[in-house]
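K.L.:
Turn this into a model:
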Amino acid sequence: MNTRDHHRFPGDAPPGPPLDPAEWEQQERGRRAATQSGDAGPDPVTRGYRQVAQAVRSRPRSAPPADFAETVAREAAAREAGIERLLSRWLAVALVLVLGAISVRYGASMWATFQHALGSEASGWILAGLGCAGLSWVCTRVHAFGEQVRHTHPAA
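P.N.:
This next block holds a predicted model:
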């Protein structure tokens with residue numbers, strides 16, 4: 001334990017296994033042999049440490065390719081068109097169908113309750129506002145679809 005360390009471990013045990021001086025020496029011999037291109041000696045453990053040290057020193061230190069960001073973005077876009085997009089579209093269709101079924105089954109009574117609570121004039125304006133919001137959303141989706149088609153199939 002470090003003499004400057006005032007913290008005690010449970011039962012005065014060190015936090016990890018104690019350092020083995022022989023193992024440390026083998027690691028150092030392997031590191032020196034890798035830097036000096038010398039022989040690590042007959043010990044197979046030291047030769048193993050030499051190979052590790054050589055591998056660490058020989059790792060490539062180059063920058064990423066020039067088109068790295070473009071390649072990653074293209075791969076992400078390709079993955080985006082996978083199962084998640086298909087699943088989300090099917091879930092959206094299922095939501096619309098369920099909402100339609102609920103509207104058919106409970107719509108008349110809900111509309112009557114809504115009109116009674118807000119009055120017929122206010123409920124008409126709210127319905128008109130919802131219609132405008134829905135129409136705006138549909139127009140936005142049609143425009144986005146047109147842009148997508150234009151980018152995937154440019155005119156020759």
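K.L.:
sec struct for the residue nearest to the spatial centre of the chain, please.
P.N.:
Taking CA atoms, centre = their mean, the centroid of the chain lies closest to residue 76, which sits 10.2 Å from it. What DSSP: H, G, I helix; E, B strand; the rest coil gives for residue 76 is helix.
K.L.:
now residue 26
P.N.:
helix.
K.L.:
any idea how far the nearest residue in space to residue 34 that is not next to it in sequence is from residue 27?
P.N.:
With sequence-adjacent residues excluded and distances taken as CB to CB, 6 or more residues apart in numbering, residue 34 is closest to residue 53, at 3.6 Å. C-betas here are computed from N, CA, C, even on glycine. Counting by CB to CB, to the nearest Å, the gap from residue 53 to residue 27 is 8 Å.
K.L.:
What of residue 118?
P.N.:
In terms of CB to CB, residue 118 sits 80 Å off from residue 27.
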